[in-house]
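Enquirer: Dropping the sequence and predicted coords here.
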Amino acid sequence: LLSRMRTLRLSTTHLIGTIPFEVGLLSRLSELDLSTNHLNGTIPSEVGSLSQLSKLDLSTTHLDGTIPSEVGLLSRMRTLRLSTTHLIGTIPFEVGLLSRLSELDLSTNHLNGTIPSEVGSLSQLSKLDLSTTHLDGTIPSEVGLLSRMRT
């Protein structure tokens with residue numbers, strides 16, 4: 001029965017521990033919201049096998065490690081919220097493959113490096129929040145192609 005699950009919302013439930021790699025077996029999942037919990041560990045790369053996923057919210061947790069490059073496999077993704085965690089490393093260029101993405105929130109993290117130019121290919125993006133990070137360098141000119149951005 002779990003393989004038929006489409007929505008898993010467990011936000012603000014005082015969950016502890018790690019996200020099990022078996023989450024990747026929920027092949028029909030379109031929404032995964034584990035935000036505002038005491039989860040730790042890394043984002044399992046198996047999340048990349050959730051081909052129906054359109055919303056992933058892991059914000060306000062204690063997750064650490066890097067953003068797995070497998071997020072680029074989530075072609076139906078519209079909302080990606082990984083804010084207010086302890087993520088490190090760079091923003092993977094594979095984020096630019098999420099052509100349906102309308103919201104990307106990676107704020108309040110320990111991310112470093114530059115904003116990947118591939119962000120400019122996210123033509124549906126209307127919200128981009130990279131505030132309170134350790135990103136540096138210049139704003140890529142490709143960001144100017146994001147015509148749906150709102151203030």
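Expert: Sure thing, it's come through. This is a predicted model, so every value here is computed, not measured.
Enquirer: Provide a list of residues in contact with the residue nearest the centre of the chain.
Expert: Compute the mean C-alpha point of the chain, and by Cα atoms, centre = their mean the closest residue is residue 80, 3.8 Å away. Taking Cβ atoms under 8 Å, 6 or more residues apart in numbering, we find residue 80 in contact with 56, 71, 95, 98, 101, 103-106. Every residue, glycine included, has its C-beta placed from N, CA and C.
Enquirer: For the closest residue in space to residue 39 that isn't next to it in sequence, pull up the helix or strand it's in.
Expert: Nearest residue to residue 39, sequence neighbours excluded (Cβ to Cβ, 6 or more residues apart in numbering): residue 61, at 4.4 Å. Using DSSP states H and E, residue 61 sits within no helix or strand.
Enquirer: what about residue 61, neighbour count?
Expert: The number of residues packed near residue 61 is 25, by other Cβ atoms under 10 Å.
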